[in-house]
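1. pasting the sequence and the predicted model now:
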Amino acid sequence: MTVSCSARTSRAAARRTNDSITVALASIVLLTAAGCGEEQQQVEELLPSVTVFRIEAVTLNEEIRASGDLQARFHTMIAAEVAGRVTELSIDEGGAVAASAVVLKIDPERRELDLAAAEAKLAQARANLRKEKSQAARIRELRSQSVSSIQQLEEAETALALAQSEVRAEEAAVGVSRRAVSDSSVAAPFAGLVARRSVELGEFVQPGTVLFELVSLDPLDAIFSLTELDTERVRLGQRVAISVGAFPNRTFGGVVTFVAPIVDPATRTLRIKARIDNTDSLLRPGLFARVNLGVAQRENVMMVPAEALLQRSGGASLYRVIEGDRVERVVVETGATANNLVEVRGDLHEGDRIIRRGHGGLADGMVVVVREIAMPPMTTAGTATRGKDS
């Protein structure tokens with residue numbers, strides 16, 4: 001087959017034209033791709049970049065602690081109930097007093113004289129009553145024989161009623177005098193120590209004058225409060241461990257004896273009492289106490305790093321990354337803490353992407369660039385602390 005020179009030249013020219021078009025198209029594609037990449041990079045640089053992690057439900061070993069004060073179960077100010085001079089005094093500050101022991105007397109001799117006078121008046125009133133009874137009986141007999149008048153009978157009955165009233169009045173006076181004799185000898189209502197004595201021997205006192213302050217050191221009560229979230233974890237008879245600053249390496253056992261029936265609406269706390277055996281008298285009322293109610297295990301607890309939480313006037317919240325790399329603000333309630341993790345409760349689900357860093361200035365619906373996906377905080381949160389522990 002013979003091909004002319006002009007034909008060969010035309011085909012070569014066509015091939016060169018096609019190659020040029022291919023190269024040009026390739027150049028256009030490359031330039032377009034490069035331009036899109038730069039634009040995408042510029043867009044990403046303008047968007048907020050964040051670090052996220054996927055939330056997981058963990059097992060939480062929760063240690064409930066609280067703080068409070070030690071108080072004496074019995075602590076009272078003993079005051080005078082009668083007026084008079086202190087004639088006997090057998091106590092001093094810091095001294096031990098047995099229950100029902102007489103420790104102070106306020107002029108008992110005068111009270112005994114008053115009692116003797118009242119008893120004499122009572123005897124006189126009873127004698128007069130016997131006379132009036134006899135007189136009334138005689139008038140009734142005469143009246144039945146129509147010898148005495150109705151007026152005489154009425155007068156006799158009235159005199160008898162007055163005599164009976166006088167006896168009752170004198171019996172009451174004798175009772176008051178006997179009570180005064182008893183009150184003139186001041187006894188300790190319970191066994192304890194004299195915390196303060198306010199009078200001296202020979203001092204004149206009036207009713208209501210404070211004589212001394214008495215306190216019992218065994219047992220003591222630890223008074224503390226728990227948050228409303230912990231109210232379900234305390235019960236009567238529960239054993240607790242109590243520590244005080246004076247004995248940092250020692251704990252004292254206690255038993256919960258009182259749980260308030262209501263939560264304080266002002267503080268949202270529950271008042272608790274735990275009884276402490278203090279037979280060795282090491283503890284003192286007024287000491288600051290730390291109370292440990294033990295450890296409880298809870299499953300499926302959502303916990304997030306503390307830095308992921310935002311504290312605002314409306315409460316705590318965090319940001320979740322949703323479809324399209326948009327953010328969504330979720331309001332949560334916080335609970336226990338452990339290892340820089342905080343328990344959260346709210347509209348959260350396992351696997352949600354939570355922003356850990358870079359949430360400053362974000363708002364609902366904003367698009368973000370996820371720069372890093374951090375590892376979950378842990379699978380077991382360890383031991384957390386709950387309650388009001390200072």
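-> The structure has been received and is ready for your questions. Remember, it's a predicted structure, so these values are computed and weren't measured experimentally.

2. return the set of buried residues in stretch 95-115.
-> Buried residues in stretch 95-115, counted by 16 or more other CB atoms under 10 Å: V97, V103, L104, K105, I106, D107, P108, R110, R111, D114, L115. Every C-beta, even on glycine, is put in place using the N, C-alpha and C of the backbone.

3. let's have these in a markdown table, adding secondary structure.
-> Listed next are the buried residues of stretch 95-115 as a markdown table, based on DSSP: H, G, I helix; E, B strand; the rest coil:
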| residue | secondary structure |
| --- | --- |
| V97 | strand |
| V103 | strand |
| L104 | strand |
| K105 | strand |
| I106 | strand |
| D107 | coil |
| P108 | helix |
| R110 | helix |
| R111 | helix |
| D114 | helix |
| L115 | helix |
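
4. what's around A188, how many residues?
-> 22 (other CB atoms under 10 Å).

5. which stretches of the stretch 101-250 of the chain form strands?
-> Along the stretch 101-250 of the chain, the stretches classed as strands by DSSP state E, counting those that start in this stretch are 102-106, 185-187, 192-197, 204-205, 210-215, 220-227, 239-244, 247-259.

6. make JSON lines out of these and add mean pLDDT.
-> As requested, the strands of the stretch 101-250 of the chain are exported to JSON lines (pLDDT from 0 to 100):
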{"stretch": "strand 102-106", "mean pLDDT": "93"}
{"stretch": "strand 185-187", "mean pLDDT": "93"}
{"stretch": "strand 192-197", "mean pLDDT": "92"}
{"stretch": "strand 204-205", "mean pLDDT": "94"}
{"stretch": "strand 210-215", "mean pLDDT": "94"}
{"stretch": "strand 220-227", "mean pLDDT": "92"}
{"stretch": "strand 239-244", "mean pLDDT": "92"}
{"stretch": "strand 247-259", "mean pLDDT": "91"}
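
7. which among these is found nearest to R85?
-> Proximity to R85 (CB to CB) singles out strand 204-205 among those, at 5.0 Å.

8. which helices and strands does that closest one pack with?
-> Packing contacts for strand 204-205, counted by 3 or more CB pairs under 8 Å, 6 or more residues apart in numbering; DSSP states H and E, involve strand 84-89.

9. quick one: strands adjacent to the strand it packs on?
-> strand 102-106 (antiparallel), strand 204-205 (antiparallel) (DSSP bridges).

10. that one vs strand 192-197, what angle?
-> 130 degrees (axes from the mean of the first three to the mean of the last three CA atoms, to 10 degrees).

11. now for the strands paired with strand 84-89, which one comes closest to R54?
-> Closest among those, using CB to CB: strand 102-106, at 72.1 Å.

12. contacts for the closest one next, please.
-> 80, 82-91, 97, 183-188, 199, 205, 211-212 (CB atoms under 8 Å, 6 or more residues apart in numbering).
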